[in-house]
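Chemist: Here is my input, please return the structure:
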Amino acid sequence: MAMEYPGVGCGLMLVRGGKVLLGLRNSDPEKADSMLKGEGTWTLPGGKLDMHETPMQCARREALEENGIRAGGMELVSVSNDTVPGAHFITLGFVCKDFDGEPQVLEPDEITEWKWFPFGSLPERIFPPSRKVMENYIGKRIYGDG
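Modeler: Numbering: from 1, shown residues only. Sure, this is the predicted structure:
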């Protein structure tokens, strides 16, 4: 189903000891559950903004639902424009270094594993919106359109 207008997505970089938490999306497009075609890629916890929800509430909710981590304070670090044929999202990226819990696979059909990666050794196949969030964070810029 093609979108009629852009949606809003929120991604959360959970950072600990110079590493970022990424989840591996299922290689089955139906199970990977992404209008932006993210099957088989590593992704930040995140998802679509619900009606009447703030972006920070969305980021916290998605982390808790996807991996059981309770995010504390966070900061907006990225805004990006993400498009593929039939879908268009504005992605708000947050960083959180204050959280409780260890990652668990809570939605195994969608995300098959969670793993900590050093920023200097990220996997090759990263979900494009997640890559933009991390690149903007590393590059100390908020907006990335490319």
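Chemist: which helices and strands does the helix ranked longest in the chain pack with?
Modeler: Ranked by residue count, the top helix of the chain under DSSP state H comes out as helix 55-67. In terms of contacts (3 or more Cβ pairs under 8 Å, 6 or more residues apart in numbering; DSSP states H and E), helix 55-67 is packed against strand 7-16, strand 19-25, strand 46-48, strand 70-71, strand 87-96, strand 111-118. The C-beta positions use only the backbone N, C-alpha and C, and glycine is treated the same way.
Chemist: buried stuff in the first one?
Modeler: What that stands for is strand 7-16. Buried residues in strand 7-16, defined by neighbour count with 16 or more other Cβ atoms under 10 Å: Gly9, Cys10, Gly11, Leu12, Met13, Leu14, Val15.
Chemist: Same question for the last one.
Modeler: For strand 111-118, the buried set under the neighbour-count rule, 16+ other Cβ under 10 Å, comprises Ile111, Thr112, Trp114, Phe117.
Chemist: which regions of the chain lie under the pLDDT threshold?
Modeler: 1-3, 31-36, 144-146 (pLDDT under 70).
Chemist: One more pass at 90, please.
Modeler: Applying pLDDT under 90 to the chain picks out residues 1-5, 26-39, 83-87, 144-146.
Chemist: Closest one to Arg61 out of the buried residues of strand 111-118, please.
Modeler: Closest to Arg61 out of the buried residues of strand 111-118 is Ile111 (15.0 Å), distances taken as Cβ to Cβ.
Chemist: Enumerate the beta-bridge partners assigned to the closest one.
Modeler: Taking DSSP bridges as the rule, Ile111 bridges to Arg25.
Chemist: isn't it right up against Gly23?
Modeler: Yes. In this structure, Ile111 is within contact of Gly23 by Cβ atoms under 8 Å, at 3.9 Å.
Chemist: overlap in contacts of these two?
Modeler: Counting by Cβ atoms under 8 Å, 6 or more residues apart in numbering, the common neighbours of Ile111 and Gly23 are Thr43, Glu66, Asn67.
Chemist: any idea how far the first one lies from Gly18?
Modeler: Between Thr43 and Gly18 the distance is 20 Å, computed by Cβ to Cβ, to the nearest Å.
Chemist: Same question for Glu102.
Modeler: On the measure of Cβ to Cβ, Glu102 and Gly18 end up 17 Å apart.
Chemist: Please consider this matter closed, and thank you.
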